[in-house]
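**Q** I would like the atomic coordinates for the input below:
(2 chains)
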Number of protein chains: 2
Amino acid sequence: MNFKEIVEKRYATKKFDGKRIPEQKVGELLELIRLSASSFNLQPWKIKVVIDQEVKKKLTPVSWDQPQIESCSHLLVLCADTNVNVDKLEELMLKNGAKKEDIQGYVKIMRDFVKRLNEKEKLEWATRQVYIALSNALNGAKSLGFDSCPMEGFNADAYSKILGLPQNLVPTLVCPIGYAADMPKPKLRFAREELLI
Amino acid sequence: MNFKEIVEKRYATKKFDGKRIPEQKVGELLELIRLSASSFNLQPWKIKVVIDQEVKKKLTPVSWDQPQIESCSHLLVLCADTNVNVDKLEELMLKNGAKKEDIQGYVKIMRDFVKRLNEKEKLEWATRQVYIALSNALNGAKSLGFDSCPMEGFNADAYSKILGLPQNLVPTLVCPIGYAADMPKPKLRFAREELLI
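**A** Residues are numbered from 1 along each chain as shown, chains lettered A, B, ... in the order given. Take a look at the predicted model:
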């Protein structure tokens, strides 16, 4: 399937059939998400994959009772990570052959950037990056032959508690994946002229 | 090119060769962006496409002097739109065959959602959606045979002034597109175990 077909066929699936996606396919999707773009390549995100039906049941009432949570195969909870680790990225660059003197300018820019953000700004900056990762999850699922649904409508605090997440990880988006048990409606978008300024 | 190849081959191009992308291809890219997912499908974004070299020259100093601005073919300025128009979406749904009584619950949820946001929250919510559209721009460019670079590093106020944007449109991300004049570096990402909680 080429990218145009993926984008045209992807839709927010409202109900899944409960069938399990093979773990290998889920691994391929996680790989596509892992390769997402992010600001400075700092990748300020982490993902909790939920498959336990009991946990999903607990998450349903704090997700506006939406049926995707329990009917999906795997529930991806995409979290913003406010523990932004420039050291770790520098280490990765050095391990992959970069020379310290070649990257020290870039590393300083990153450090200064992160230092200038207060906690609220840092969370918001990380949160925005998660939306890029989400997009790869949505398109990636369709490319691998299954379906997905992007969801902002859930109680992040309740998710944190139920999933036992540390404070630095803030649930930002939920993305159930699985095989659709509904049919896509026609794709409605504003006209091209509305898109352009 | 399948989605995996797109994701693997896409990279933040630092320099373009100045060659112009055919308008038809740019149109195909805009179509891929237009079909992006967004919260409630409200599509709170607009895009300014800059091709005028004089305008690009003015934008360069307010873009950290990054060479992509002038060397690219088309500069996409992705803006968050705080004029969130539920009426327009409702109209689009009705025009496409939805029955008023079937969608009134959904329309009310959207209206209540937008009403609850203050101006700052509305801008932030719209801004996050723009990151999904950006992702389709990045992957879409590669799928169509050219390159791109996601950029957060620019002065949004200066962009607004230079481009004469109305107050409701806030430049959020800049995405130069064109043909690369640099080579991609190896793609570095944290390990899979780091991605998962």
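
**Q** what about residue A:177, which helix or strand?
**A** Per DSSP states H and E, residue A:177 falls inside strand A:169-178.

**Q** quick check, that strand touching chain B?
**A** Yes. Against chain B, strand A:169-178 shows contacts by CB under 8 Å from any CB of the partner chain at residue A:169. (Each C-beta comes from the backbone N, C-alpha and C, glycine too.)

**Q** and the residue nearest to the spatial centre of chain A, what is it in contact with?
**A** Against the mean C-alpha coordinate of chain A, by CA atoms, centre = their mean, the closest residue is residue A:134 at 3.6 Å. Contacts for residue A:134 (CB atoms under 8 Å, 6 or more residues apart in numbering or on different chains) come out as A:78, A:150, A:173, A:175, B:132.

**Q** ok so, going back, what residues does whatever helix or strand comes next after the strand holding residue A:177 touch?
**A** Going down the chain from strand A:169-178, the next helix or strand is helix A:192-195, by DSSP H and E. For helix A:192-195, the external contacting residues (CB under 8 Å, 6+ apart) are B:30, B:31, B:33, B:34, B:43, B:45, B:46, B:47.

**Q** give me the subset of those touching chain A.
**A** Near chain A, judged by CB under 8 Å from any CB, the entries from these are B:30, B:31, B:33, B:34, B:43, B:45, B:46, B:47.

**Q** Could you verify my assumption that the last one touches residue A:197?
**A** Right, residue B:47. Yes. Contact criterion CB atoms under 8 Å: residue B:47 and residue A:197 qualify, at 6.7 Å.

**Q** overlap in contacts of those two?
**A** Common neighbours of residue B:47 and residue A:197 (criterion: CB under 8 Å, 6+ apart): residue B:79.

**Q** Could you check which of those two has the larger neighbour count?
**A** Neighbours per residue (other CB atoms under 10 Å in any protein chain shown) separate residue B:47 from residue A:197, with residue B:47 holding more: 20 against 15.

**Q** State which helix of chain A is the longest.
**A** Ordering each helix of chain A by length in residues (DSSP state H) puts helix A:119-143 first.

**Q** Next, the angle from that one to strand B:169-178.
**A** Counting by axes from the mean of the first three to the mean of the last three CA atoms, to 10 degrees, helix A:119-143 lies at 50 degrees to strand B:169-178.

**Q** Tell me the first helix or strand C-terminal of helix A:119-143.
**A** That would be, after helix A:119-143 and using DSSP H and E, strand A:147-148.

**Q** Quick one: list the elements packing against that following strand.
**A** Applying 3 or more CB pairs under 8 Å, 6 or more residues apart in numbering or on different chains; DSSP states H and E, we find strand A:147-148 packed against helix A:119-143, strand A:169-178.
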